[in-house]
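> Sharing a model that was predicted from the sequence below.
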Amino acid sequence: MLFGMSAEPSQPGYPAERTKAFIDAAVAIALTLLILPLMESVGEVAGEGEDALTWLQDHRGQLVSFVLSFVLIALFWLIHHHLFTRVERLTPRLFWLLAAWMLTIVWLPVATAVSGRMEDSDDTARALYIGSLALTALASLGVRLYVRAHPALHSVSDDEMVRGVALDLSLLLLFGAALLIGWLVPAIGYFALLLTMLSGVVQKLLRRMLGARSV
């Protein structure tokens with residue numbers, strides 16, 4: 001049971017529809033929150049009598065962080081959505097794993113604001129941002145592994161599940177590598193995130209290791 005809710009007698013857990021809607025709303029709010037620091041900076045620049053070009057020049061770091069985080073959160077949601085279109089039931093444990101994933105998503109606007117306002121040489125801000133992305137990938141992997149271990153909750157084939165595990169694991173490894181490289185070679189800065197472009201290659205290697213059939 002979860003907070004007094006009982007499962008249906010013939011099926012494990014409880015229907016997933018409302019939780020799916022709740023997660024979609026949380027992700028939408030996180031995407032919206034990304035824009036708030038930029039809105040505040042517009043007001044500050046306008047109050048000082050500066051023009052739009054000055055705002056673009058002075059806040060290019062924030063703009064890049066906004067676009068990057070928007071794309072990454074959208075990607076994380078797409079990965080989640082692709083799995084949960086065929087997850088029909090939830091258990092309390094799966095709900096809390098999803099809550100942990102949502103926590104990392106709603107935290108990303110904060111990490112984005114910190115990275116956008118600090119200098120590129122700020123090691124702590126960079127580690128906070130890239131580390132937050134790695135945590136999201138880790139939470140996504142944890143959710144997928146739990147779902148895979150409980151086939152009564154979903155209708156996803158094991159081969160497709162393995163490919164999804166390879167996707168989550170590739171992002172986790174690449175974000176982790178970017179975090180390590182950024183720490184060892186600070187001059188690289190956020191360009192270490194370009195490692196994620198290797199995700200397709202890493203996924204293929206992981207799929208072979210995990211035994212997924214090629215598609």
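Okay, I see it. Everything numeric here is computed off the predicted structure, so don't read it as measured data.
> contacts, neighbours, all on C-alpha from now
OK.
> Ala26: what's it in contact with?
Each residue near Ala26 by CA atoms under 8 Å, 6 or more residues apart in numbering is listed here: Met102, Val106.
> Distance of Val42 relative to Leu33?
Noted for Val42: a distance of 15 Å to Leu33, by CA to CA, to the nearest Å.
> which residues does Leu180 contact?
By CA under 8 Å, 6+ apart, no residues touch Leu180.
> What's the first helix or strand after the helix or strand harbouring it?
Per DSSP states H and E: Leu180 is located in helix 158-184. Per DSSP H and E, the first helix or strand lying C-terminal to helix 158-184 is helix 199-210.
> okay, and for the chain, where does confidence drop off?
1-10, 44-51, 119-121, 212-215 (pLDDT under 70).
> would you list every one of the helices in it?
Assigned by DSSP state H, the helices in the chain fall at 17-33, 36-47, 52-58, 60-84, 92-117, 123-149, 158-184, 199-210.
> Out of these, the one nearest Leu193 is which?
Minimum separation from Leu193 across the helices of the chain (CA to CA) falls at helix 158-184, 5.6 Å.
> in that closest one, what counts as buried?
By neighbour count on 16 or more other CA atoms under 10 Å, the buried set for helix 158-184 is 161-183.
> And the contacts of stretch 198-208?
For stretch 198-208, the external contacting residues (CA under 8 Å, 6+ apart) are Val162, Arg163, Ala166, Leu167, Leu169, Ser170, Leu171, Leu174, Arg213, Ser214.
> got a list of what Thr19 touches?
By CA under 8 Å, 6+ apart, the contact set of Thr19 is Phe95.
> Ile23 and Met102 touch, don't they?
Yes. Here Ile23 reaches Met102: they are 7.0 Å apart, a contact under CA atoms under 8 Å.
> neighbour count winner among the two?
Met102 (22 against 19; other CA atoms under 10 Å).
> Nearest residue to His80 in space, ignoring adjacent ones along the chain?
In space, and not counting its chain neighbours, His80 is closest to Ser140: 7.4 Å by CA to CA, 6 or more residues apart in numbering.
> Ok, Gly164 next?
For Gly164, ignoring the flanking residues on the chain, the nearest one in space by CA to CA, 6+ apart is Arg144 at 7.6 Å.
> which residues touch that neighbour?
Contact analysis of Arg144 by CA under 8 Å, 6+ apart lists Leu83, Met161, Gly164, Val165.
> I'd like to know how far Leu206 sits from Gly164.
Distance of Leu206 to Gly164, computed by CA to CA: 10 Å.
> for Val27, what are its contacts?
Counting by CA under 8 Å, 6+ apart, the residues that Val27 touches are Ile73, Trp77, Met102, Ile105, Val106.
> Try it again at 6 Å.
For Val27, the contact set (CA atoms under 6 Å, 6 or more residues apart in numbering) is empty.
> So it versus Trp96, what's the distance?
As judged by CA to CA, Val27 and Trp96 stand 16 Å apart.
> again with Val71
Note on Val71: its distance to Trp96, by CA to CA, is 25 Å.
> cool, Thr19 as well?
Counting by CA to CA - Thr19 and Trp96 are separated by 11 Å.
> quick one on the thing from earlier: could you single out the nearest of the contacts of stretch 198-208 to Ile188?
So of the contacts of stretch 198-208, ranked by how close each gets to Ile188 (CA to CA), first place is Leu174, at 15.1 Å.
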